[in-house]
Every structure is written in C-alpha cells, then in structure tokens.
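For reference, the sequence and a predicted model appear below.
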Amino acid sequence: MEEVLDAYARPCDPLHPVVCLDESPRQLIGEKRKAFTDSHGCICEDYEYARNGTADIFMVTEPLGGRREIFVRDRHTRLEWAEITAHIVENMFPDAKKITLIQDNLAAHKKSALYELFSPERARSILSRLEFVFTPKHGSWLNIAEIELSVLTRQGLKGRIPTKEELVRQCDEWCAMRNEKGAPVDWQFTTKDARIKLKHLYPSI
C-alpha cells in the first residue's frame, strides 16, 4: 500500500510518469422487444433481454497528466495485458525513461507474456522501461484506474449495450470528453494518513 501511495506523492515528471491500469468485464445486453416512450414521457423498457456475450474494458490513466485511454477487448488474458502494456510504453510514453505502472496482482499480469508476443529484444526493451507497483490484496481502491472505470460506468455507458462496437463508441466518446477537459486527479490520501486511519493494518510493537 505504501509503495502505491509513495508513487502518487511524486511530482509530475514526463520522463518518469505514474500510470494506472485496470480492467473490468462488461456484459453485452440486447433488447428482445423495442423500448418506447409513453404519453407521459416515461421510457418503457421490457424486463426481458438478450445476452450477447461479454467484453473487457481496459482503462489506462495518467493521474497527474489528466490523460486516459480505453481499450475494449473480447477477453482478458495475459496476451491482451501484454499488448496494452507495450502500447503504454511504445506509443503513449515513447520518450519516458521509466514508467511506474500501478495495477493489481492478477495472474494474467505476467511479464513472460511479452516474450510470447514479441521478440526477446523488444520484450526486454519494454520491460526495462517499466517499474511495476502492485495494489495489495483487498486494496484495489488504491488504483486510480479503477476509480476512472467507475466514473465511466456512471457517466459514459448508457443503458443496455448490445454490441462490442456500441461499447467502443460510448467509451471513445467519454474518453474524448474527459481528455479534452484534461483535469488531473487530485489524490490526497497519503502514507501519513494511512498510518493513522488504517493503523489496524500495521503490526503492534
């Protein structure tokens, strides 16, 4: 926990950015009967729906830079994680010397997956520019990307989403709106606060 909080306390540095990554599954739900609006302006939606599978939303956010990117994939495996990790290093922050990547410690987050996708030289080049910091067990709330996913769900995803294409469209629109504002995340919970408010997590000496 303190490793995550210390990373958030760093000043903004384009050569050493702090980046958060998180994923969330999304069920694709279609309508069996078309909704309609009654004479009072109420939207009537049938309780029955069609299950059209699932998709996974990957959220990448740079808290101090006020920047985020969203990727929608069919599933969440180590190979999708490796693809997006490579994109962070090579495309989002090509000039950074070292990138601190904050994420949870899922089994799919395997460094070896980069070697399955890319040549050893390219995989090693990507990993050499990454510093991994993992949120603790039951501490995913420390990941700002998870907070961004929650905001996306509340603000950007409207009603039932039947297809992956529609999910991508809504995610892209919300992401463009958030990036246009460019508002950074004002994280205020510090290591000092944690030692007071979460003192039950620390050993008694």
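Yep, it's here.

Going by neighbour count, list what's buried in stretch 73-86.
Going by neighbour count (16 or more other CB atoms under 10 Å), the buried part of stretch 73-86 is 73, 76, 78, 79, 80, 81, 82, 83, 84, 85, 86. For the C-beta atoms, the positions are set from N, CA and C on the backbone; glycine is no exception.

what residues does it touch?
Applying CB atoms under 8 Å, 6 or more residues apart in numbering, the contact partners of stretch 73-86 are 21, 23, 25, 55-56, 58, 60, 71, 101, 107-110, 112-114, 116-118, 122, 126, 130, 164.

distance between the helix or strand encompassing residue 113 and the chain's centre?
Element membership of residue 113, judged by DSSP states H and E, is helix 112-117. Relative to its parent chain, helix 112-117 has a centroid offset of 21 Å by CA atoms, centre = their mean, to the nearest Å.

For the residue of the chain most remote from its centre, give me phi and psi.
Most distant from the centre of the chain: residue 39, at 41.1 Å, with distances by CA atoms, centre = their mean. For residue 39, the backbone dihedrals are phi -70, psi -20 (criterion: degrees, to the nearest 10).

what does residue 169 give?
Dihedral angles for residue 169 - degrees, to the nearest 10 - are phi -60, psi -50.

SS state for the residue nearest the centre of the chain?
Centroid check for the chain by CA atoms, centre = their mean gives residue 59 as the closest residue, at 2.5 Å. Following DSSP: H, G, I helix; E, B strand; the rest coil, residue 59 is assigned to strand.

Sort out for me which of the buried residues of stretch 73-86 are in strands.
residue 73 (DSSP state E).

Summarise which helices and strands the lowest-mean-pLDDT helix or strand in the chain is packed against.
The helix or strand of the chain with the poorest confidence is strand 43-44; it has a mean of 73 (mean pLDDT, DSSP states H and E). The contact analysis (3 or more CB pairs under 8 Å, 6 or more residues apart in numbering; DSSP states H and E) places strand 43-44 against strand 36-37.

Give me the packing partners of the strand it packs on, helices and strands only.
Partner elements for strand 36-37 (3+ CB pairs under 8 Å, 6+ apart): strand 43-44.

Each with direction, which strands does the strand it packs on pair with?
Its sheet considered, strand 43-44 pairs with strand 36-37 (antiparallel) by DSSP bridges.

Could you list the low-confidence segments of this protein?
32, 46-47 (pLDDT under 70).

Tell me where it has strands.
Using DSSP E, strands in the chain cover 18-31, 36-37, 43-44, 49-62, 67-73, 99-103, 130-134.

quick one: the last one to chain centroid distance?
For strand 130-134, the distance from its own C-alpha centre to the chain's C-alpha centre is 15 Å (CA atoms, centre = their mean).

Isn't residue 174 up against residue 152?
Yes - assessed by CB atoms under 8 Å, residue 174 is found in contact with residue 152 at 5.7 Å.

shared neighbours of the two, anything?
residue 70.

Just give me how far stretch 175-190 sits from the chain centre.
That offset, for stretch 175-190, works out to 13 Å (CA atoms, centre = their mean).

before we move on, back to that, among the contacts of stretch 73-86, which ones are buried?
21, 23, 55-56, 58, 60, 71, 101, 109, 113-114, 117-118, 126, 130, 164.
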